[in-house]
Structure formats: structure tokens, C-alpha cells
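In: sequence-free structure coming up:
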């Protein structure tokens with residue numbers, strides 16, 4: 001249903017940084033969005049010629065797609081599919097471990113490789129609103145302590161105004 005989709009191969013496909021991409025249904029829509037011909041380039045390009053600068057903001061750019069292409073050629077689509085499937089299973093395994101813990105709570109079941117959860121102390125009681133500011137501050141403190149420790153990376157997020165891990 002979407003006209004375009006943005007993907008970040010550097011996040012999930014282990015591609016070096018700066019390897020974002022946009023996938024579009026209609027190539028002409030992308031060109032119509034970004035095409036800009038500065039006065040110093042008038043007459044330099046043929047209308048029938050493909051000009052990469054018509055499809056993004058940058059007129060001159062490095063070949064960021066090369067690293068994606070090289071990884072696909074080296075490992076193949078099936079290897080990446082296997083890796084992504086493994087990431088899905090790891091997220092489901094994390095959900096199972098969190099559900100077994102008395103002081104952790106899955107807030108959003110895993111979607112892709114993301115599992116949103118939070119720490120709720122055993123002695124915590126707030127029957128009127130379990131999603132209060134105290135729990136959000138606590139999640140932020142946990143996130144910062146883990147980041148400072150450097151042994152694991154847990155990235156937090158805000159969902160409906162509440163901090164989650």
C-alpha cells in the first residue's frame with residue numbers, strides 16, 4: 001500500500017555505516033520529487049540519460065550502494081534471510097525470558113527483532129496507573145547504567161509517553 005519504504009541495511013544486514021536506501025514503486029515519482037537542475041548544469045545532460053543526481057538531494061555522492069551489493073554478492077540473499085530469521089527467534093527467546101522474570105514486563109511483543117519491555121520492581125505498587133513517570137525515570141536510569149557499563153547495549157524508546165527498554 002505504501003509508495004515508498006526506507007530501509008537501513010547498516011542496522012540489520014551488518015553493512016558498514018551509511019548504507020540507507022529508499023525503495024519506491026514508481027521511479028518517476030522519486031525523480032519528480034528530487035529533480036533539480038542548477039543553472040551551472042544546464043545543457044550538460046540529455047533528458048533520456050539516467051542522472052543519479054535526479055533521485056536525491058546530493059549532486060555528488062560516494063557509492064554507498066557498493067557495500068550492500070558486495071555483501072549480497074559475497075553472502076547471498078539466503079544467508080541474509082537466515083540471519084534475519086535468527087534475529088526474529090532471538091527476540092522471541094528474549095520475550096520468553098522476560099515473561100519468566102518476576103520484575104520484568106513485556107510491554108510490546110516482538111515485532112521483527114525488537115522487543116519492548118520494562119523493569120518493574122517487586123515492591124512497586126501503583127494500582128491507579130502502572131505507567132507513571134517513576135517507571136519511565138527508572139527505565140532511563142537502567143538504560144544509562146547499561147550504556148556506561150559497556151557490556152550490553154539496550155536502546156530505549158518512548159511509547160505513548162513512557163520510557164521502555
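Out: Perfect, thanks for sending it. Everything numeric here is computed off the predicted structure, so don't read it as measured data.
In: all contacts plus neighbour counts: C-alpha atoms, from now on.
Out: Will do.
In: residues making contact with stretch 6-13?
Out: Outside of stretch 6-13, the residues that reach it under the criterion C-alpha atoms under 8 Å, 6 or more residues apart in numbering are 15, 16, 17, 18, 19, 20, 21, 22, 23, 68, 80, 84.
In: now with 7 Å?
Out: Around stretch 6-13, the neighbours that count as contacts under C-alpha atoms under 7 Å, 6 or more residues apart in numbering are 15, 16, 17, 18, 19, 20, 21, 22, 23, 80.
In: same check, this time on stretch 62-73
Out: With contacts defined as C-alpha under 7 Å, 6+ apart, stretch 62-73 is touched by 15, 18, 19.
In: And the helices in this structure?
Out: In the chain, the helices defined using DSSP state H lie at 9-12, 27-34, 65-100, 133-149.
In: got the ones you listed as TSV, with mean pLDDT, mean neighbour count and distance to residue 57 columns?
Out: Below are these laid out as TSV (pLDDT from 0 to 100; neighbours: other C-alpha atoms under 10 Å; distance: least, C-alpha to C-alpha, whole Å):
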stretch	mean pLDDT	mean neighbour count	distance to residue 57
helix 9-12	80	15	20
helix 27-34	81	13	6
helix 65-100	93	14	16
helix 133-149	94	15	34
